[in-house]
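**Student:** got a predicted model here, sequence first, then my questions.
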Amino acid sequence: MFSRVLIANRGEIALRIVRACHELGIEVVVVYSEADRDAPYVQLADEAICVGPAAAAKSYLNIPAIISAAELTDVDAIHPGYGFFAENAHFADICKDCGIAFIGPDPESMRQLGDKVAARAIAKRAKVPVVPGSEGEIKDEAEAIKLANKIGYPVIVKAAAGGGGRGMRVAHNDISLRKGFIAAKTEAEAIFKDETVYIEKFIVEPRHVEVQLMADKHGNAVHFYERDCTIQRRHQKLIEESPSPILNEKTREELCKSALRLVKEANYHNAATCEFLLDKDNNYYFIEVNTRIQVEHPVSEMVTGHDLIKWQLKIASGETLDLKQRDIHHTGVAMECRINAEDPARDYAPCPGPVDKFIVPGGYGVRVETHLCQGATVSPYYDSMIAKLIVHQPTREETIATMKRALREFKIGPIKTTIPACLDILSHHLFVKSEVDTSFIERHMG
């Protein structure tokens, strides 16, 4: 096991990793920007190093500063959390060259599965269903239109290196495809420095379901069942739950086995999430692999009783995943609401600022992951997510009831948050009946 780990991240995920490391007897070094000097994870670390000013590009995305901090503090490994360098194969290469373990997959696996075209090819080799579409890069508008007319509209243009809804455009005819093709390529080049795009059939009113996986360096891999992430706004997840309320046991088993075949085909190790779309007939189609721990990992932890961050650390240090699939049991229903510093009444506009009131909910089955405290300030420089509220109860009905109670207890002010929006969603009759799709918020919540 590692003796000293550097956390190349911030916020609630940095605090989450600090706690897991300390429980395993690992010393922790954290890096922080000038804006995060007083953050709780900085106070709880064994050592902390400032790596730059508030802007992420000059601090958390400053590779020389991060590596210098790691070498100066003599760490064994770097945990990237999610975001920033979590899916950056170049950064993982640098860690390897410097003799520092990267707590995640090897760079080659990251490149293969991080490229959606390559990941699609791996899925097909593993006999995992994929959405009908191009076999590789679409180079020009003429090729795009020819394929779209073959598989039928609507289609979606996707950036091969994309994520978080960036570099994606839906087209319903040749005219909108021409515009969407150019827009997707331009956005992909600007954001990901890679203009490669491909085309898939657009699944109408789909659900989004993903499988949490863990694989070691010795050929062992297990799943921790699925999460339903259908409640999204502009491709950004807002509420996640497990189990998916619409899957029967047969489909659930096939879905999870498909995800396992894919990561084994890719010779992958460490944490991964295999994401799928489900159509109205519950047919599932692979869309991508996230080669990192995800924001919503506590949902899977609550229903299985396994600490996924600790497994990441153990596997990266070379330990064997001494779990058999039959040892992982799914119990009850877990749900997570992401609490963002955004104003739903103003089209979810960011709402940074000082936090004068901060009262955290509690009670049986309630878990809160946050880096905030009363007197803190939400910075405008980073992602707007400020907390995650997770609830675990025996049934979905009880989980929703507890979540609504906990959301009402959660007091954050004077800044605006997504707590009212989450309450509205949980109270909507279609959500209660689980008759939703990925466009639910846009179509039903104003």
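**Tutor:** It's in. Not measured: the values here are computed from a predicted model. Numbering: from 1, shown residues only.

**Student:** what's the helix or strand for Y225?
**Tutor:** Following DSSP states H and E, one finds Y225 within strand 221-233.

**Student:** count of neighbours near K139?
**Tutor:** By the criterion of other C-beta atoms under 10 Å, K139 has 11 neighbours. (Glycine included, C-beta is placed from N, CA and C.)

**Student:** how much space separates it from E398?
**Tutor:** 53 Å (C-beta to C-beta, to the nearest Å).

**Student:** pretty sure A56 contacts F84?
**Tutor:** Yes. The pair A56 / F84 is scored as a contact, 7.3 Å apart, by C-beta atoms under 8 Å.

**Student:** ok, the closest residue to D93 other than its chain neighbours to V31 distance?
**Tutor:** The shortest distance from D93 to any residue other than its chain neighbours is 4.9 Å, reached at P107 (C-beta to C-beta, 6 or more residues apart in numbering). Using C-beta to C-beta, we find P107 at a distance of 21 Å from V31.

**Student:** what number of residues are in the vicinity of V42?
**Tutor:** Neighbourhood size, V42 [other C-beta under 10 Å]: 20.

**Student:** tell me the SS of it?
**Tutor:** Following DSSP: H, G, I helix; E, B strand; the rest coil, V42 is assigned to helix.

**Student:** hmm, it is touching D36, no?
**Tutor:** Yes. Between V42 and D36 there is a contact under C-beta under 8 Å: 6.4 Å.

**Student:** what about the host helix or strand of I175, distance to the chain center?
**Tutor:** Assessed by DSSP H and E, I175 sits inside helix 174-192. With C-alpha atoms, centre = their mean, to the nearest Å as the basis, helix 174-192 stands 24 Å off its chain's centre.

**Student:** mind listing residues that contact that helix?
**Tutor:** Outside helix 174-192, the residues within contact range by C-beta atoms under 8 Å, 6 or more residues apart in numbering are 138, 141, 144-145, 148-149, 153, 155, 157-162, 166-171, 194-197.

**Student:** quick revisit: tell me which strands the strand holding Y225 pairs with, and in which orientation.
**Tutor:** Partners of strand 221-233 in the sheet, by DSSP bridges, are strand 207-215 (antiparallel), strand 236-242 (antiparallel).

**Student:** starting at the chain centroid, how far to that strand?
**Tutor:** 10 Å.

**Student:** follow-up on the earlier one: which one of P107 and V31 has more residues nearby?
**Tutor:** Just comparing P107 and V31: by other C-beta under 10 Å the higher neighbour count belongs to V31, 29 against 19.

**Student:** which residues are in contact with that one?
**Tutor:** L6, I7, A8, A48, I49, C50, V51, S59, Y60, A65, I66, A69.

**Student:** need those residues in CSV (columns: neighbour count).
**Tutor:** Conversion of the contacts of V31 to CSV gives the following (neighbours: other C-beta atoms under 10 Å):
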residue, neighbour count
L6, 30
I7, 27
A8, 30
A48, 21
I49, 18
C50, 15
V51, 21
S59, 23
Y60, 28
A65, 18
I66, 25
A69, 23
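
**Student:** just those residues: which are in helices?
**Tutor:** A65, I66, A69 (DSSP state H).

**Student:** the first one and A56 touch, don't they?
**Tutor:** The one in question is A65. No. A65 is beyond contact range of A56, at 11.7 Å (criterion: C-beta under 8 Å).

**Student:** so for stretch 135-149, mean pLDDT?
**Tutor:** Summarised as a single mean, pLDDT over stretch 135-149 is 93.

**Student:** and the strands paired with strand 221-233 as TSV, adding distance to L321 and mean neighbour count?
**Tutor:** Formatted as TSV, the strands paired with strand 221-233 follow (distance: least, C-beta to C-beta, whole Å; neighbours: other C-beta atoms under 10 Å):
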stretch	distance to L321	mean neighbour count
strand 207-215	6	25
strand 236-242	20	24
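
**Student:** turn those strands into TSV, columns for mean pLDDT.
**Tutor:** Formatted as TSV, the strands paired with strand 221-233 follow (pLDDT from 0 to 100):
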stretch	mean pLDDT
strand 207-215	98
strand 236-242	97
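
**Student:** can I get those in a markdown table including distance to Q112?
**Tutor:** Below are those laid out as a markdown table (distance: least, C-beta to C-beta, whole Å):
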| stretch | distance to Q112 |
| --- | --- |
| strand 207-215 | 14 |
| strand 236-242 | 24 |
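
**Student:** for F276, which non-adjacent residue is spatially closest?
**Tutor:** Y284 is the one closest to F276 (C-beta to C-beta, 6+ apart), at 4.5 Å.

**Student:** give me the neighbour count for the one you found.
**Tutor:** Y284: 23 surrounding residues under other C-beta under 10 Å.

**Student:** was I right about it contacting T251?
**Tutor:** Yes. Between Y284 and T251 there is a contact at 7.2 Å, judged by C-beta under 8 Å.

**Student:** which residues does the residue nearest to D93 contact?
**Tutor:** P107 neighbours (C-beta under 8 Å, 6+ apart): A89, H90, A92, D93, K96.

**Student:** repeat that for E275.
**Tutor:** Residues in contact with E275, defined by C-beta under 8 Å, 6+ apart, are H208, V209, E210, C229, F286, I287, E288, V289, N290.

**Student:** for R207, see how far away it is.
**Tutor:** Computed as C-beta to C-beta, the E275 to R207 distance reads 11 Å.

**Student:** and the residue lying closest to T196 once chain neighbours are set aside, how close does it get to Y198?
**Tutor:** Nearest residue to T196, sequence neighbours excluded (C-beta to C-beta, 6+ apart): A160, at 4.0 Å. Remark: distance between A160 and Y198 (C-beta to C-beta) = 6 Å.

**Student:** which residues are common contacts for the two?
**Tutor:** What both A160 and Y198 touch, as defined by C-beta under 8 Å, 6+ apart, is the set K116, V117, E137.

**Student:** poorly predicted segments of this protein, please.
**Tutor:** 164, 446 (pLDDT under 70).

**Student:** repeat the analysis, applying 80 as the threshold.
**Tutor:** For the chain, the stretches flagged by pLDDT under 80 are 162-165, 446.

**Student:** how does it divide up, domain by domain?
**Tutor:** 4-103, 132-201, 207-444 (automatic domain parsing).

**Student:** adding distance to A123, write those domains out as JSON lines.
**Tutor:** Formatted as JSON lines, the domains of the chain follow (distance: least, C-beta to C-beta, whole Å):
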{"stretch": "domain 4-103", "distance to A123": "18"}
{"stretch": "domain 132-201", "distance to A123": "12"}
{"stretch": "domain 207-444", "distance to A123": "4"}
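
**Student:** please name whichever of the ones you listed is nearest to R125.
**Tutor:** Of all the domains of the chain, it is domain 207-444 that lies closest to R125, at 5.6 Å by C-beta to C-beta.

**Student:** tell me how far the ends of the closest one are from each other?
**Tutor:** By C-alpha to C-alpha, to the nearest Å, the extent of domain 207-444 from end to end equals 15 Å.

**Student:** mind checking the SS state of the residue of the chain positioned farthest from its centre?
**Tutor:** Farthest-out residue of the chain from its mean C-alpha position, per C-alpha atoms, centre = their mean: A142, at 34.4 Å. Following three-state DSSP, the label given to A142 is helix.
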